[in-house]
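Participant: The sequence and its predicted three-dimensional model are supplied below.
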Amino acid sequence: MSRPIHFEILTLDPTRANEFYKQALGWEINAWEMPGSTYWLVRTGKSNRGIDGAIMQPGDLRQAVINTIEVASLDESRSRIEAAGGRIVQGPHDIPNVGMHAYFADPDGTLFGVLQPPPGGQAMQTEETQGSAGRRRRSGPVRKRTTPRKPAARKAPVRKASAKRKAGASPKAGTSRKTTARLKAAAGKAKKMSRRSKAARTAPKRGAARGRGRN
């Protein structure tokens with residue numbers, strides 16, 4: 001089932017129409033300049049409901065409003081439209097980044113557009129359009145480009161020192177176990193020598209004290 005995705009309001013006085021729809025409906029309208037003509041892009045809202053459109057001069061298209069329908073295949077739709085009594089009016093036109101577009105008329109002469117999006121594309125309704133006949137800008141759900149994520153860098157395993165290494169580790173980084181043992185032995189000898197020297201100094205004092213006591 002094909003659905004409308006874009007509308008075009010045709011008028012001989014676009015400036016007046018723009019001001020009217022801005023004031024009456026609060027639409028956001030911006031001019032898009034093209035060689036030889038101007039196409040006014042219409043944003044009707046930011047929600048997913050409804051569609052956006054445009055305001056343009058009629059040119060050879062004699063109708064107040066033209067709706068554009070999205071289809072899977074423009075060629076197949078053209079065959080079905082013509083088999084049902086419709087006819088092609090303009091196009092098809094290949095619009096870069098938008099797709100193939102053409103204007104058709106039903107048996108009563110009512111005009112409507114038909115758009116076949118490019119491969120991988122879809123109907124777009126939330127961004128502004130560039131127009132149906134080669135003037136459409138992208139609209140609709142914004143597709144984010146997905147790039148493969150780079151694998152996270154692996155951290156080098158942290159080696160924990162064993163209990164034996166911790167127990168024999170020197171307070172100074174880079175000191176070997178043998179050096180540590182030597183330092184400890186030297187410190188022990190120094191302590192013993194200090195004790196002996198202290199005992200030698202205190203011995204005469206103790207003898208003199210004993211002699212005084214006898215006297």
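Facilitator: Thanks, I have it. Residues are numbered from 1 along each chain as shown.

Participant: buried stuff in the helix or strand hosting residue 23?
Facilitator: Assigned by DSSP states H and E, residue 23 belongs to helix 14-25. The neighbour-count criterion (16 or more other Cβ atoms under 10 Å) identifies 14, 17-18, 21 as the buried residues of helix 14-25. Where C-beta positions appear, they are placed from N, C-alpha and C, glycine not excepted.

Participant: Also stretch 45-54?
Facilitator: The neighbour-count check on stretch 45-54 (16+ other Cβ under 10 Å) flags 51-54 as buried.

Participant: Please identify which of the residues you listed is nearest to residue 84.
Facilitator: Using Cβ to Cβ, residue 51 comes nearest to residue 84 of these, at 23.8 Å.

Participant: list the contacts for the closest one?
Facilitator: Residues in contact with residue 51 (Cβ atoms under 8 Å, 6 or more residues apart in numbering) are 4-7, 44, 125.

Participant: rerun that using 7 Å as the cut-off
Facilitator: For residue 51, the contact set (Cβ atoms under 7 Å, 6 or more residues apart in numbering) comprises 4-7, 125.

Participant: so which one among these has the lowest pLDDT?
Facilitator: On pLDDT alone, residue 125 ranks lowest of the contacts of residue 51, at 42.

Participant: Kindly export the helix or strand where residue 66 lies (C-alpha atoms) in PDB.
Facilitator: Secondary structure assignment for residue 66, by DSSP H and E: strand 65-70. Output for strand 65-70, consisting of C-alpha atoms alone and laid out as PDB, is shown next (Å, rounded to 0.1, in the frame of the first residue of the first chain):
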ATOM      1  CA  VAL A  65      -2.200  21.000  -4.200                       C
ATOM      2  CA  ILE A  66      -0.200  18.000  -5.400                       C
ATOM      3  CA  ASN A  67       0.600  15.100  -3.100                       C
ATOM      4  CA  THR A  68       3.600  12.800  -3.700                       C
ATOM      5  CA  ILE A  69       3.300   9.100  -3.100                       C
ATOM      6  CA  GLU A  70       6.200   6.800  -2.300                       C
END
